[in-house]
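Colleague: 3D model of this:
(2 chains)
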Amino acid sequence: MLEFKSVSKNFGNISALTDISFYIPSGEFVFIIGPSGAGKTTLLKLIIRDITPSSGEILFDGKELSNLKKKEIPHLRQSIGAVFQDYKLISGRTVFENVEVALAVKKVPKEEREARVEQVLKLVGLTERATLFPSQLSGGELQRATLARALVVNPKLIFADEPTGNLDPKTAEGIIELLLKINEEGKTVLVSTHSKDLIGKLKKRVLELEDGKLVKDSDPVKKEEEKEKTEDKDDKVEEKESQK
Amino acid sequence: MKQHIRTSFDYIRRAPFQALAAISVLALTFFVTTLLVVLLYSSHQVIRFFETRPQVIAFLKEDASQGEIDALRNKLAGDSRINSVSYVSKEQALEIYKEATADNPLLGELVSPSIFPASIEFSVRDLNFTEEIIDEVKGESVVESVDFTANLGSEAALGDVIQRLKNVTYYLRIGGVSFVLVLSLTSLLVLMVVIGMRISMKKTEIESLSLIGATNWFIRMPIVFEAINYAIIGVFAGWLAASVLLMYATPSVLYYFKDIPVLPRETADFFALLGVIFAAEILAGLFIAFLGSMIAVSRSLRIVK
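Modeller: Take a look at the predicted model:
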């Protein structure tokens, strides 16, 4: 699904990420933790090709992201549900319209769009807030609206950048529960946070960043094995297909 | 498509003064353009009028025989530079005189046909040929003198009359086209500024759309449609104002110019002329809108993104 191979990113003389390598298989729930400035947002920006790595490779669904042509970038972004720390909601549009625009971008027909938006707003508990504008929502509601926009396109991967950063513990817990529920439905979920308390209770894989370096991967071996298994499986399928 | 058009109207509704500025400039441009096009049409009609009516009158000598007159008439009719050749006898000349002096019948009663010379009237296809044709006709043995109706006073000023007509038309065309070009350029710049401002105001929205996978076209479409809306409204407003003004002025203009059809006399022809102008202006407006918005969007999106 997603693989970082010795990825580094420099902004001038400042090293945002240094030699990061990890592999995340499909359907996994991963926490990316680290203090502010550790490089979590840079990681998200690299995944959605908002920026390119200074060195190394990022593979998403087997495609090297640096090699993507400019016109292929929108397609990549449509397949990743990004939940931004600062929401990135459109202030002049209602919650419903903000979620709907993600489907319009994918050229989903109008009739289908309405049904899907209603469905996802129900999932995040914002049905009652559908006609409100972002300025009329609370922090938790804004976060859920962003999550709804990310979910509505049925993405392969959801990356939530600090989704609980500005929320009280109870609301934060609600958001994480929602993400877990989405993961149970088979989606790959990456959640970046600087709160270690939040992940204590959940036994999920944790990637820990510090000063742009990956200092801990809670389950790297198992994941490597899974990766090899997946690759073997793919090779066998390819062999069978070529024999046919 | 529908969604982009709806979004473009939302943009106008949310910043009406910028929209008003863009529409006003476009309306002014097309108001002036409509009037200038009609003016050019009228000047063309004036030239055509002089080119197609009898312009040259060759007065014949008293002793010219009918055979000689017919020979000259046939000769002129066969000349490719000349059209509409007609013979006016002494009696017909008297009738024309009487009609011209109908206000004072006494003047008509005092004269007899014998004092009016018979003449051959004709027009030239191109005013540039006039001088050489007159010289040729003057050389004919049966011709007493030659006159040019555009300046019945004297033949000596013939060149001046032709040149004046040509000059007026030439400067009208050059001046008119230049003025319209300057106004169009102003419209283009105002449109670019308005669109640029709009994009700056929507910086966050454009960034958000880009991050969720919107293509450049998805982002550009509502902005281009917005400019197209300005153009259509601006063209219509400018054209309508000019048309109302023309409708109001046409009876007086036609009365003043009498025989010269500076504007169409038939209502259907008049509206056909305005219709053609409107169609051409819509195309020009759409071109300005598309060009202006594309330049502005390309420039501004590079900065925003």
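Colleague: and the pLDDT for the nearest residue to A:Thr127 once chain neighbours are set aside?
Modeller: Sequence neighbours aside, A:Leu121 is the residue nearest to A:Thr127 in space, at 5.0 Å (criterion: Cβ to Cβ, 6 or more residues apart in numbering or on different chains). The C-beta positions use only the backbone N, C-alpha and C, and glycine is treated the same way. A:Leu121 is assigned 91 on the pLDDT scale.
Colleague: show me which residues of the helix or strand hosting A:Leu121 are buried.
Modeller: A:Leu121 belongs to helix A:110-124 when assigned by DSSP states H and E. For helix A:110-124, a neighbour-count test (16 or more other Cβ atoms under 10 Å in any protein chain shown) marks A:Arg113, A:Arg116, A:Val117, A:Val120, A:Leu121, A:Leu123, A:Val124 as buried.
Colleague: stretch A:79-86 too?
Modeller: A:Ser79, A:Ile80, A:Gly81, A:Ala82, A:Val83, A:Phe84, A:Gln85.
Colleague: can you narrow these to ones near chain B?
Modeller: Among the buried residues of stretch A:79-86, the residues within reach of chain B (Cβ under 8 Å from any Cβ of the partner chain) are A:Ser79, A:Ala82, A:Phe84.
Colleague: so which of those are in strands?
Modeller: A:Ala82 (DSSP state E).
Colleague: for A:Ala145, which residues are in contact?
Modeller: Counting by Cβ atoms under 8 Å, 6 or more residues apart in numbering or on different chains, A:Ala145 makes contact with A:Tyr87, A:Leu89, A:Val95, A:Asn98, A:Val99, A:Val124, A:Leu126, A:Arg129, A:Pro134, A:Leu137.
Colleague: okay, now the residue of the stretch 201-305 of chain B found nearest chain A: neighbour count?
Modeller: Nearest residue of the stretch 201-305 of chain B to chain A (Cβ to the nearest Cβ) works out as B:Gly213 at 3.4 Å. B:Gly213 is flanked by 22 other residues according to other Cβ atoms under 10 Å in any protein chain shown.
Colleague: what's near enough to touch it?
Modeller: For B:Gly213, the contacting residues are A:Ile73, A:Pro74, A:His75, A:Leu76, A:Arg77, A:Gln78, A:Ser79, A:Ala102, A:Val105, A:Lys106, A:Val153, by Cβ under 8 Å, 6+ apart.
Colleague: state whether it is indeed within a strand.
Modeller: No: read with DSSP: H, G, I helix; E, B strand; the rest coil, B:Gly213 is coil and lies in no strand.
Colleague: surely B:Ala242 meets B:Leu35?
Modeller: Yes: counting by Cβ atoms under 8 Å, B:Leu35 is a contact partner of B:Ala242 at 5.2 Å.
Colleague: so what's the residue nearest to the spatial centre of chain A bridging to?
Modeller: Centroid check for chain A by Cα atoms, centre = their mean gives A:Phe159 as the closest residue, at 1.2 Å. Beta bridges link A:Phe159 to A:Ala82, A:Leu190, judged by DSSP bridges.
Colleague: what is the nearest of the ones next to chain B among the buried residues of stretch A:79-86 to B:Val143?
Modeller: Ranked by distance to B:Val143 (Cβ to Cβ), those are led by A:Ser79 at 92.6 Å.
Colleague: so what's the closest one closest to, chain neighbours aside?
Modeller: A:Lys156 (5.1 Å).
Colleague: please enumerate the strands of chain A.
Modeller: A:2-11, A:14-24, A:29-33, A:55-60, A:63-64, A:80-83, A:157-161, A:188-193, A:205-210, A:213-217.
Colleague: mean pLDDT and distance to B:Leu273 added to those strands, as CSV?
Modeller: Putting the strands of chain A into CSV (pLDDT from 0 to 100; distance: least, Cβ to Cβ, whole Å) gives the following:
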stretch, mean pLDDT, distance to B:Leu273
strand A:2-11, 91, 64
strand A:14-24, 90, 67
strand A:29-33, 90, 71
strand A:55-60, 91, 62
strand A:63-64, 88, 61
strand A:80-83, 88, 58
strand A:157-161, 89, 63
strand A:188-193, 88, 67
strand A:205-210, 89, 74
strand A:213-217, 87, 76
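Colleague: of the ones you listed, which approaches B:Arg198 most closely?
Modeller: For B:Arg198, the closest of the strands of chain A is strand A:80-83, at 25.8 Å, according to Cβ to Cβ.
Colleague: distance between that closest one and the chain's centre?
Modeller: 5 Å (Cα atoms, centre = their mean, to the nearest Å).
Colleague: how about the residue of the stretch 201-305 of chain B closest to chain A, phi and psi?
Modeller: The phi/psi pair for B:Gly213 (degrees, to the nearest 10) reads phi 100, psi 20.
Colleague: the contacts of A:Ala145 also near chain B: which ones?
Modeller: Contacts with chain B are made by A:Leu89 out of the contacts of A:Ala145, judged by Cβ under 8 Å from any Cβ.
Colleague: of all the contacts of A:Ala145, which comes closest to chain B?
Modeller: Nearest to chain B among those: A:Leu89, at 6.9 Å, using Cβ to the nearest Cβ.
Colleague: who's in contact with that closest one?
Modeller: Counting by Cβ under 8 Å, 6+ apart, A:Leu89 has contacts A:Asn98, A:Pro134, A:Leu142, A:Ala145, A:Thr146, A:Arg149, B:Ser208.
Colleague: if we go to 6 Å?
Modeller: Listed by Cβ atoms under 6 Å, 6 or more residues apart in numbering or on different chains, the contact set of A:Leu89 reads A:Asn98, A:Pro134.
Colleague: just A:Pro134 next, same as before
Modeller: Under the criterion of Cβ under 6 Å, 6+ apart, the neighbours of A:Pro134 are A:Leu89, A:Ser91.
Colleague: next one: B:Ser86
Modeller: Each residue near B:Ser86 by Cβ under 6 Å, 6+ apart is listed here: B:Glu121.
Colleague: that one and chain A, how far apart?
Modeller: Between B:Ser86 and chain A the distance is 72 Å, computed by Cβ to the nearest Cβ, to the nearest Å.
Colleague: did I read that right, that residue in a helix?
Modeller: No: going by three-state DSSP, the assignment for B:Ser86 is strand, not a helix.
Colleague: dig out what it forms beta bridges with.
Modeller: For B:Ser86, the beta-bridge partners are B:Glu121 (DSSP bridges).
Colleague: which pLDDT value belongs to B:Leu185?
Modeller: Taken from the predicted model, the pLDDT recorded for B:Leu185 is 85.
Colleague: if I've got this straight, it is in a strand?
Modeller: No: secondary structure of B:Leu185, determined by three-state DSSP: helix, with no strand assignment.
Colleague: where does B:Gln18 land in three-state SS?
Modeller: B:Gln18 is classified as helix under three-state DSSP.
Colleague: count of neighbours near it?
Modeller: Using other Cβ under 10 Å, B:Gln18 has 20 neighbouring residues.
Colleague: closest one to B:Ala19 among the strands of chain A?
Modeller: Closest to B:Ala19 of the strands of chain A is strand A:80-83 (Cβ to Cβ; 33.4 Å).
Colleague: could you report the neighbour count for B:Leu36?
Modeller: By the criterion of other Cβ under 10 Å, B:Leu36 has 19 neighbours.
Colleague: dump the residue contacts of it.
Modeller: Counting by Cβ under 6 Å, 6+ apart, B:Leu36 has contacts B:Gly176, B:Val180.
Colleague: can you do 10 Å?
Modeller: When the contact criterion is Cβ atoms under 10 Å, 6 or more residues apart in numbering or on different chains, the partners of B:Leu36 are B:Leu172, B:Arg173, B:Gly175, B:Gly176, B:Val177, B:Phe179, B:Val180, B:Leu183, B:Ala242.
Colleague: fine by me, thanks again.
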